Every structure is written in C-alpha cells, then in structure tokens.
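Student: Task: produce atomic coordinates for the following.
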Amino acid sequence: MSETTKAPEGANSQLGQCLKAARQARGLTLKQVAERTGMALSTLSKVENGLMSLTYDKLVQLTSGLKMEIAELFNPATPRPAPGRPVTARRSISRAGQGQVITTRFYTYTYQCTDLIGKRMVPIVAEVRARSLEEFGPLLRHSGEEYFVVTSGRVAVHSEFYAPEILNEGDGIYLDSTMGHAYLNAGDAPSAMGVCLCTSEAPDLYDQLRQITSREGEPSR
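Tutor: Reported below is the predicted structural model:
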C-alpha cells in the first residue's frame, strides 16, 4: 500500500512541523524515529519537509512507535506532553590536565568527559593562539549550536554574518555553529583560554568536531 495520500493544501506542511516538534520533544533523531516505527528514513524526511503525507495505517504506525495520539500530529496548539526522559544517572568528572588533546600550531583543544558516549553536548577546553584569520585558516562550521566563554585573556570572535567582537575574561558568546566562525587570540599573552560547549541533534557531533579540529594536527595524547 502506498504511504502517500492526498491531503488538503497546507496539511503536509502542518504534519511535517508537528512530526518534527514531537520528535524533538522526545530528543530523537529521524533515524531513531525510523527504528522505533519501522518506517523508512527517506519517508520520514519527506514528511518533515512537507513533501509527503501519510495514509491512515502509516499514521497509526508512526504514532504507535512514538507513543502519541494521531490528533497530536494535526493539532499543534494542544500537544500531548512528551514522556519524561529516563534518568540515566550518567556522570563523568574531568580532572585538571585530563582529556583528549588535539594540538596544532594555532590552538589546543582538550575534549572533556570522553569516557561517555552519545553525549548530547561536547565540552571542550580551548587554548587559542592564532592571531589572524590567515593563521587560523577557513572558518569552522558544524551542526548544532555552541557557547564559548573566555576564562583568561582576550578573544576575538569572527563570524560569517557579523563584525568581529572582542570578548574579555568572563564574557561569552552563543552562536549558530553552522555559521562560519573562528576564535582568535586578541590579548598580549601568547594564548587565550576558554571553554566551549557544543550541542547538536546530530549523533556524530563529536566525530564532526574531531575531524574539524584535527585538520592541522593529530591528537597529542
């Protein structure tokens, strides 16, 4: 049986928006929804993007897998509360000097809490030495969002759509990580220090960041 069905104009878009909202409320990726419902990942992607509707039996299959009512997909004004996330009781402590280190000529990134897999955010201690974009190289881009706070020195933040900003010790910036960005040393000391917290729905965020930060050097420990 075909998964598509004719729907009123705008219904596909509403279904896609509601599916995305329900998925995000449950902290799921599209791949995880596909695994829970037994539906094709490509089908779910088309639904979320308003390119496809679903037959009744497929709606039942989808909502059963997500443990929600069909009406919730068409009535975003009164969504059913998402089930609470289970308490995982996970924790990890990063001691001073510990972490997975990537060092290049212009920066050192120390990844924290690397004993935990599948983290919803990636914490990084960053030592910034590059003083110009010529030194730094291409602007960084990856999925998700991030927060960077300066712990010592001064940092110049360059981004694709904004003029550079200078951050002093204690200053922070929250930005869209898909926008090109770079952190440069703007102080008198040989380097500036900061903490960067990156988060994304992408399950491979850590691997993305490792590939980006390894472009000029390999892990030193």
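Student: Report the helix or strand with the lowest average pLDDT across this structure.
Tutor: Least confident helix or strand, the chain: helix 205-213 with a mean of 73, by mean pLDDT, DSSP states H and E.
Student: Against which helices or strands is that one packed?
Tutor: Applying 3 or more Cβ pairs under 8 Å, 6 or more residues apart in numbering; DSSP states H and E, one finds that helix 205-213 contacts strand 107-111, strand 121-128, strand 192-199. Where you see a C-beta, it was placed from the backbone N, CA and C, and this is true even at glycine.
Student: export stretch 157-174 as CSV, just CAs?
Tutor: This file holds the C-alpha atoms of stretch 157-174, laid out as CSV (Å, rounded to 0.1, in the frame of the first residue of the first chain):
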residue,chain,number,x,y,z
VAL,A,157,35.3,36.2,17.6
HIS,A,158,35.0,36.2,13.8
SER,A,159,31.8,35.0,12.2
GLU,A,160,30.3,34.8,8.7
PHE,A,161,27.5,37.3,9.1
TYR,A,162,28.7,39.7,11.9
ALA,A,163,31.5,42.1,12.5
PRO,A,164,34.3,40.7,14.8
GLU,A,165,33.6,41.0,18.6
ILE,A,166,36.2,41.2,21.4
LEU,A,167,35.5,39.0,24.5
ASN,A,168,37.3,39.7,27.7
GLU,A,169,37.6,37.3,30.6
GLY,A,170,34.2,36.2,31.8
ASP,A,171,32.5,37.2,28.5
GLY,A,172,30.7,34.6,26.5
ILE,A,173,29.0,34.2,23.1
TYR,A,174,26.2,31.8,22.0
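Student: buried ones in that stretch?
Tutor: Of the residues in stretch 157-174, 157, 158, 159, 167, 173 count as buried by neighbour count, 16 or more other Cβ atoms under 10 Å.
Student: which residues of this protein fall in strands?
Tutor: Ranges of strands within the chain are 100-103, 107-111, 121-128, 145-152, 155-159, 162-167, 172-176, 181-185, 192-199, based on DSSP state E.
Student: Include distance to residue 33 and mean pLDDT when you put those strands into a markdown table, please.
Tutor: Below are the strands of the chain laid out as a markdown table (distance: least, Cβ to Cβ, whole Å; pLDDT from 0 to 100):
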| stretch | distance to residue 33 | mean pLDDT |
| --- | --- | --- |
| strand 100-103 | 31 | 86 |
| strand 107-111 | 29 | 88 |
| strand 121-128 | 21 | 92 |
| strand 145-152 | 22 | 96 |
| strand 155-159 | 32 | 97 |
| strand 162-167 | 35 | 97 |
| strand 172-176 | 24 | 96 |
| strand 181-185 | 30 | 96 |
| strand 192-199 | 20 | 94 |
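Student: Out of the ones you listed, flag the one nearest residue 89.
Tutor: Of all the strands of the chain, it is strand 121-128 that lies closest to residue 89, at 17.3 Å by Cβ to Cβ.
Student: Below-threshold pLDDT in the protein: ranges please.
Tutor: Applying pLDDT under 70 to the chain flags the ranges 1-12, 72, 74-86, 203, 213-221.
Student: Out of the strands of the chain, the one nearest residue 206 is which?
Tutor: strand 121-128 (5.3 Å).
Student: Give the pairing partners of that closest one; include direction for each.
Tutor: Strand pairing for strand 121-128, using DSSP bridges, gives strand 107-111 (antiparallel), strand 192-199 (antiparallel).
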